[in-house]
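Asks: Have a look at this fold, sequence not included:
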């Protein structure tokens with residue numbers, strides 16, 4: 001798990017290596033568990049005879065595991081071959097899922113969700129580093145964008161499909177599917193993902209020294225702000241559509257899927273732009289999030305406008321993600337593992353602060369319509385952070 005170098009890359013060709021798409025599939029399989037849980041919380045609460053709020057803590061346990069687990073795990077596994085780390089984190093993830101499925105003990109289930117978050121964070125960070133080590137330097141943002149697209153696919157199909165399976169098989173059914181796909185991905189990783197080599201020996205000291213670079217923390221601040229900006233609207237979109245837009249409830253899943261479709265498109269476009277113009281991609285995405293959020297709030301009562309705006313929000317939200325990874329791996333080119341793991345934590349932290357921000361607005365009786373306005377403000381705040389990063393880069 002060391003810095004990718006020119007010696008590591010595969011022969012130059014138009015497309016990306018198949019291994020990059022396999023890494024995306026694995027992230028899709030594991031990410032589906034994150035999106036699945038929200039759809040089966042009532043069933044879990046009934047089965048375990050716990051409150052709905054206690055069942056909701058399972059989501060928080062996963063998020064905490066992702067936030068706190070990535071960086072320490074990156075350091076602990078720094079001297080491992082990257083392929084080994086990928087397979088081990090997949091194995092821990094699958095084992096934790098299965099352990100949670102064979103128990104009726106709430107405490108054990110809570111612990112397994114935390115372990116899933118740890119393994120998920122470790123895999124995500126190393127998958128991104130592995131992907132960029134398999135491509136030429138001018139395709140790093142595109143490769144990382146393809147890997148992260150596994151999450152948008154999980155949002156589009158993985159979570160909903162697993163929730164549908166759980167409807168017919170009980171809440172455990174979807175999680176069994178996640179475990180099977182994760183194990184399958186681990187086997188394919190052993191067979192298809194090559195070991196990568198580096199001219200440098202793994203160094204914890206070098207990784208920690210890299211984390212002292214101010215530019216990294218500026219990018220992390222932009223990551224947190226931009227992620228919270230679009231997730232603030234997405235997390236409450238179902239309630240927004242039914243209570244404010246007055247859309248029939250039966251149409252809500254289809255509109256949520258539109259966001260995921262937009263996210264996939266945004267990653268595809270952003271990955272191609274960010275390798276050459278990362279700041280342009282980020283600013284365009286942040287401005288797009290702000291504009292679509294404002295329009296959602298202003299036109300909230302008109303479904304004819306709201307529905308396509310959800311698609312646009314998905315595009316803009318994920319247009320900037322490859323730019324973030326591109327900047328992180330540029331700043332931390334000599335020691336990307338810990339920096340990449342912290343990027344994952346910054347993404348998850350941005351998601352984690354959304355309930356607190358929304359709670360303040362809703363408890364103040366600002367209403368659901370206020371949430372896109374707050375998201376627009378956060379998106380605009382992220383732009384100065386990236387401008388500061390550019391200024392620091394010029395000084396460097």
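Replies: That came in fine, so what should we check first? Being a predicted model, the structure only gives us computed values, none of them experimental.

Asks: pretty sure residue 261 contacts residue 312?
Replies: No - Residue 261 is beyond contact range of residue 312, at 11.1 Å (criterion: CB atoms under 8 Å). Yep, even glycine has a C-beta here, placed from its N, CA and C like the rest.

Asks: Can you give me the neighbour number for residue 194?
Replies: Residue 194: 14 surrounding residues under other CB atoms under 10 Å.

Asks: Over to residue 72?
Replies: Using other CB under 10 Å, the number of residues around residue 72 comes to 14.

Asks: And residue 263, by the same measure?
Replies: Under the neighbour criterion other CB under 10 Å, residue 263 is assigned a count of 28.

Asks: That one sits in which helix or strand?
Replies: If you go by DSSP states H and E, residue 263 is part of helix 252-274.

Asks: Next: residue 333.
Replies: If you go by DSSP H and E, residue 333 is not part of any helix or strand.

Asks: Phi and psi next, for it.
Replies: With angles defined as degrees, to the nearest 10, residue 333 sits at phi -60, psi -30.

Asks: and it, what pLDDT?
Replies: Turning to residue 333, the model gives it a pLDDT of 73.

Asks: repeat for the one 10 residues further on
Replies: We note a pLDDT of 83 for residue 343 in this prediction.

Asks: Quick check, pLDDT for the nearest residue to residue 352 once chain neighbours are set aside.
Replies: Nearest non-adjacent residue to residue 352, counting by CB to CB, 6 or more residues apart in numbering: residue 63, 5.0 Å away. At residue 63, the model reports a pLDDT of 82.

Asks: got the contact list for residue 63?
Replies: 117, 348, 351-352 (CB atoms under 8 Å, 6 or more residues apart in numbering).

Asks: On the three-state scheme, it is what?
Replies: Of the three states, residue 63 takes helix under DSSP: H, G, I helix; E, B strand; the rest coil.

Asks: Give me the distance between it and residue 180.
Replies: Counting by CB to CB, to the nearest Å, the gap between residue 63 and residue 180 amounts to 24 Å.

Asks: Equivalent analysis for residue 239, please.
Replies: Distance of residue 239 to residue 180, given as CB to CB: 33 Å.

Asks: same question, residue 37
Replies: From residue 37 over to residue 180 the distance is 17 Å, taken as CB to CB.

Asks: between those two, who's got more neighbours?
Replies: Neighbours were counted for residue 37 and for residue 180 using other CB under 10 Å; residue 37 has more, 23 against 14.

Asks: Okay, and that one sits in which element?
Replies: Assigned by DSSP H and E, residue 37 belongs to helix 18-48.

Asks: Now for the protein, the helix or strand with the poorest mean pLDDT.
Replies: Across the helices and strands of the chain, the lowest-confidence element by mean pLDDT, DSSP states H and E is helix 159-169, at a mean of 70.

Asks: Could you list the residues in contact with the helix or strand following that helix?
Replies: Moving toward the C-terminus from helix 159-169, the first helix or strand encountered (DSSP H and E) is helix 171-192. By CB under 8 Å, 6+ apart, the residues outside helix 171-192 that reach it are 18-19, 22-23, 25-26, 29-30, 32-33, 36, 40, 43-44, 47, 83, 86-87, 90-91, 93-94, 97-98, 100-101, 161-166, 169.

Asks: Could I have the PyMOL command that selects the buried members from the residues you listed?
Replies: Applying 16 or more other CB atoms under 10 Å to the contacts of helix 171-192, the buried members can be selected in PyMOL as follows:
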select buried, resi 19+22+23+25+26+29+30+32+33+36+40+43+44+83+86+87+90+93+94+97+98+100+101+161+162+163+165+166
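
Asks: shaky segments in the stretch 51-200 of the chain?
Replies: In the predicted model, the stretch 51-200 of the chain carries pLDDT under 70 at residues 52, 152, 155-156, 158-160, 162-163, 167, 196-200.

Asks: Just the helices from it, written as ranges.
Replies: Along the stretch 51-200 of the chain, counting by DSSP state H, counting those that start in this stretch, helices occupy 52-76, 82-101, 106-133, 140-153, 159-169, 171-192.

Asks: Of those, which is nearest residue 363?
Replies: helix 52-76 (16.1 Å; CB to CB).

Asks: pLDDT weak spots in the stretch 201-350 of the chain?
Replies: Applying pLDDT under 70 to the stretch 201-350 of the chain flags the ranges 201-203, 335.

Asks: re earlier: need the helices of the stretch 51-200 of the chain in a markdown table with distance to residue 330, can you?
Replies: Converted to a markdown table, these look like this (distance: least, CB to CB, whole Å):
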| stretch | distance to residue 330 |
| --- | --- |
| helix 52-76 | 18 |
| helix 82-101 | 19 |
| helix 106-133 | 10 |
| helix 140-153 | 8 |
| helix 159-169 | 32 |
| helix 171-192 | 26 |
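
Asks: closest one to residue 230 among those helices?
Replies: Here helix 140-153 is closest among the helices of the stretch 51-200 of the chain (CB to CB), at 12.1 Å.

Asks: list the helices and strands that closest one packs on?
Replies: Contacts defined by 3 or more CB pairs under 8 Å, 6 or more residues apart in numbering; DSSP states H and E place helix 140-153 against helix 18-48, helix 106-133, helix 252-274, helix 303-319, helix 321-331.

Asks: neighbouring contacts of it?
Replies: 16, 20-21, 23-29, 31, 127-128, 131-132, 134-135, 260, 263-264, 267-268, 270-272, 274-275, 278, 314, 318, 321-323, 325-326, 329.
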